[in-house]
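Colleague: Here you go, sequence then predicted model.
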Amino acid sequence: MNFKRVAIIGGAGRMGRWFSKFFVKEGFEVIISGRMKSKLVQLKRELPSINVAEDNVEAVKCADLIVISVPPLDFKAVVEQIGPHLKAGQVVIDLTSIKEVPVQLMHKYIRNCVTLGAHPMFGPSATDYHQNFILTPTSEEEQKLAEDIKRWLEIKGFKVRMMSPIEHDKLMGTILGLSHFIGLVALDTWIDIGLEELRKIGGTSFNLLFTLADNVVHSDPNLYAEIQMGLVSTEDAELKFKMNVKKWLGILRKKDRQRFIEEMVRLRKAFDGHSLR
Ligand SMILES: NC(=O)c1ccc[n+]([C@@H]2O[C@H](COP(=O)([O-])OP(=O)(O)OC[C@H]3O[C@@H](n4cnc5c(N)ncnc54)[C@H](OP(=O)(O)O)[C@@H]3O)[C@@H](O)[C@H]2O)c1
């Protein structure tokens, strides 16, 4: 990659901090901006080599690469603000967990330079680079940039997939939306039954689901609301899930042991090649 100076908007947020550390480690000059000065100053204490910008406009002025790491609801305000200050030769990448709307907003408000939608498929607690990364180019120019970035990320150890923003959002309804939904509903059910007691004696299966619920419930409620209510594909996946809940409950209520076993064997076969075992 031909970049030297990286600006991270939302640099003191959860993902912003991760990417600030990442780019510093990879030898880039990093400048961060955000709303709360105290958070930016705190990160500067931890990473003395980074620079803190007065605002987003100052951050983008001298950067080759601009990374936008703000929540979906703040995204439009940021691209509207920085758009007029960007120039040819700069590159803007966003990290938003949904892609169609942010990519459209970048195209609308950032007219002078190339933009690219990206979604790191990991959270701020990731400790290595063996993680999935999605890039969503929509034109020849973006495709070329995405290929360069893909090559670079793959050298670092990331697994990179390219797809359209629409395809990405379609998949995220299941990958994120349904998984979060199951975590929330499971936790709600455990609380009704008595979480304290369940936690004390829970075994392998319970602890697996507990880890999911724990992650979900400690994530940003605004971001998760956006994934639940802003993605049609989440609604679709949850509708399919509801139909399957109905089907499985039907088998159980009828005490149809034979059908239960057949269904379980069918699922195991469908799982062939994907199992973690
Ligand atoms: N968390 C994840 O697991 C994860 C994974 C993949 C992708 N993502 C995506 O990464 C992005 C950031 O998520 P996050 O979890 O890091 O959220 P976060 O912890 O809430 O951080 C967001 C940052 O954006 C800043 N911000 C908001 N509005 C701003 C504005 N107008 N100008 C400048 N800075 C602004 C906030 O600053 P203040 O704190 O000062 O208000 C905050 O530091 C989201 O789009 C999310 O979808 C998140």
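Modeller: Cool, got the structure. Keep in mind the model is a prediction, meaning the values are calculated, not measured.
Colleague: Up against the ligand, what does the stretch 1-150 of the chain have?
Modeller: By the rule C-beta under 6 Å from any ligand atom, the part of the stretch 1-150 of the chain lying against the ligand is 9-10, 12-16, 33-36, 39, 56, 69-72, 74, 77-78, 95-97, 120, 123-124. Just so you know, the C-beta spots here come from the backbone N, C-alpha and C atoms, and that holds for glycine as well.
Colleague: So which of those residues sit within helices?
Modeller: Among these, the members falling in helices are 14, 15, 16, 39, 56, 72, 74, 77, 78 (criterion: DSSP state H).
Colleague: With adjacent residues omitted, what lies nearest to the last one?
Modeller: Of all residues not flanking residue 78 in the chain, residue 70 sits nearest, at 5.4 Å (C-beta to C-beta, 6 or more residues apart in numbering).
Colleague: hang on, isn't the one you found packed against residue 10?
Modeller: Yes. Between residue 70 and residue 10 a contact is recorded at 4.0 Å, counting by C-beta atoms under 8 Å.
Colleague: Are there residues contacting both of those two? Which ones?
Modeller: Common neighbours of residue 70 and residue 10 (criterion: C-beta atoms under 8 Å, 6 or more residues apart in numbering): residue 78.
Colleague: Contact partners for the residue in the stretch 101-250 of the chain positioned nearest to the ligand?
Modeller: Residue nearest to the ligand within the stretch 101-250 of the chain: residue 123 (3.3 Å; C-beta to the nearest ligand atom). Residue 123 is in contact with 14, 15, 215, 219, counting by C-beta under 8 Å, 6+ apart.
Colleague: now with 7 Å?
Modeller: Contact analysis of residue 123 by C-beta atoms under 7 Å, 6 or more residues apart in numbering lists nothing.
Colleague: Look up how far residue 197 lies from it.
Modeller: Distance of residue 123 to residue 197, computed by C-beta to C-beta, to the nearest Å: 29 Å.
Colleague: next one: phi and psi at residue 86?
Modeller: phi -90, psi 150 (degrees, to the nearest 10).
Colleague: so what pLDDT did the residue in the stretch 1-150 of the chain that the ligand sits nearest to get?
Modeller: When scored by C-beta to the nearest ligand atom, the stretch 1-150 of the chain has residue 13 as its residue closest to the ligand, at 1.9 Å. Looking at residue 13, its pLDDT stands at 97.
Colleague: now the strands: where do they sit in the chain?
Modeller: Along the chain, the stretches classed as strands by DSSP state E are 5-9, 29-33, 51-52, 65-68, 91-94, 114-120, 132-136, 159-162.
Colleague: Please identify the deepest-packed of those.
Modeller: Of all the strands of the chain, strand 5-9 carries the top mean neighbour count, a mean of 27, counting by mean count of other C-beta atoms under 10 Å.
Colleague: mean confidence for that one?
Modeller: For strand 5-9, the per-residue pLDDT averages 98.
Colleague: Which strands or helices does it pack on?
Modeller: helix 14-25, strand 29-33, helix 56-61, strand 65-68 (3 or more C-beta pairs under 7 Å, 6 or more residues apart in numbering; DSSP states H and E).
Colleague: how about the residues of the stretch 151-277 of the chain near the ligand?
Modeller: Checking the stretch 151-277 of the chain against the ligand by C-beta under 6 Å from any ligand atom, the hits are 220, 223.
Colleague: follow-up on the earlier one: what about the residue nearest to residue 78, distance to residue 13?
Modeller: 7 Å.
Colleague: One more: residue 132?
Modeller: To residue 13, residue 132 is 20 Å away according to C-beta to C-beta.
Colleague: now swap in residue 32 and tell me
Modeller: 10 Å.
Colleague: where's the nearest residue to residue 72 once chain neighbours are set aside relative to residue 234, distance?
Modeller: Among residues not flanking residue 72 along the chain, residue 226 sits closest, at 4.8 Å (C-beta to C-beta, 6+ apart). In this view, residue 226 and residue 234 are 10 Å apart by C-beta to C-beta.
Colleague: can I see the domain layout of the protein?
Modeller: Structural domains annotated on the chain: 5-163, 167-270, as defined by automatic domain parsing.
Colleague: any idea which of those is most buried?
Modeller: Greatest burial across those, using mean count of other C-beta under 10 Å, falls to domain 5-163, with a mean of 18.
Colleague: quick one: contacts for the residue of the stretch 1-150 of the chain closest to the ligand?
Modeller: Residue 13 touches 34, 69, counting by C-beta under 7 Å, 6+ apart.
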